[in-house]
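In: What would the 3D arrangement of this be:
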Amino acid sequence: MIKIVEKYGGVDEINRKALEAGKVENIMERLRRESSPYVKDLEWLIEQWDKGAFISVPEYRRKILGDKADSMKSDDSFAVTLEISACNFFP
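Out: Numbering: from 1, shown residues only. Take a look at the predicted model:
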């Protein structure tokens, strides 16, 4: 195992490369090079984020429930999450 890790530059180098590869701008560049059909949609999501189009969960609860949101308990184990950080699942 150690020989394999050292072959790729050691633990620190592997972690540095993984951190760099996981940056959104690097993922987007890779998807552009691969002519991914998802680039346009991801760019739209990034634009929406930059415009402040998304609100936090507490803001959403207050918008829907009004003042009741402050006194209600929510079970977040049933929450649904949009996850795009794992771009490796895109073709």
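
In: tell me what the helix or strand hosting Asp50 is packed against?
Out: Here Asp50 is covered by helix 39-51, with elements defined by DSSP states H and E. Contacts defined by 3 or more Cβ pairs under 8 Å, 6 or more residues apart in numbering; DSSP states H and E place helix 39-51 against helix 24-33. C-beta coordinates here come from the backbone N, C-alpha and C atoms, glycine included.

In: mind listing the helices for the chain?
Out: 2-7, 10-21, 24-33, 39-51, 57-65 (DSSP state H).

In: With mean pLDDT, mean neighbour count and distance to Ser77 added, can I get those helices in TSV?
Out: Shown next, in TSV, are those (pLDDT from 0 to 100; neighbours: other Cβ atoms under 10 Å; distance: least, Cβ to Cβ, whole Å):
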stretch	mean pLDDT	mean neighbour count	distance to Ser77
helix 2-7	93	9	37
helix 10-21	94	11	29
helix 24-33	93	13	28
helix 39-51	93	12	26
helix 57-65	91	12	13
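
In: Make a markdown table out of these and add distance to Ser74.
Out: Listed next are the helices of the chain as a markdown table, based on distance: least, Cβ to Cβ, whole Å:
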| stretch | distance to Ser74 |
| --- | --- |
| helix 2-7 | 43 |
| helix 10-21 | 33 |
| helix 24-33 | 29 |
| helix 39-51 | 24 |
| helix 57-65 | 7 |
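
In: okay, the angle between the helix holding Asp50 and helix 24-33?
Out: Orientation check (axes from the mean of the first three to the mean of the last three Cα atoms, to 10 degrees): helix 39-51 against helix 24-33 gives 150 degrees.

In: Count residues in the vicinity of Ser74, would you?
Out: 12 (other Cβ atoms under 10 Å).

In: try Ala69
Out: Neighbours of Ala69 (other Cβ under 10 Å): 15.

In: isn't it right up against Ser56?
Out: No - using Cβ atoms under 8 Å, Ala69 is not in contact with Ser56; the gap is 11.7 Å.
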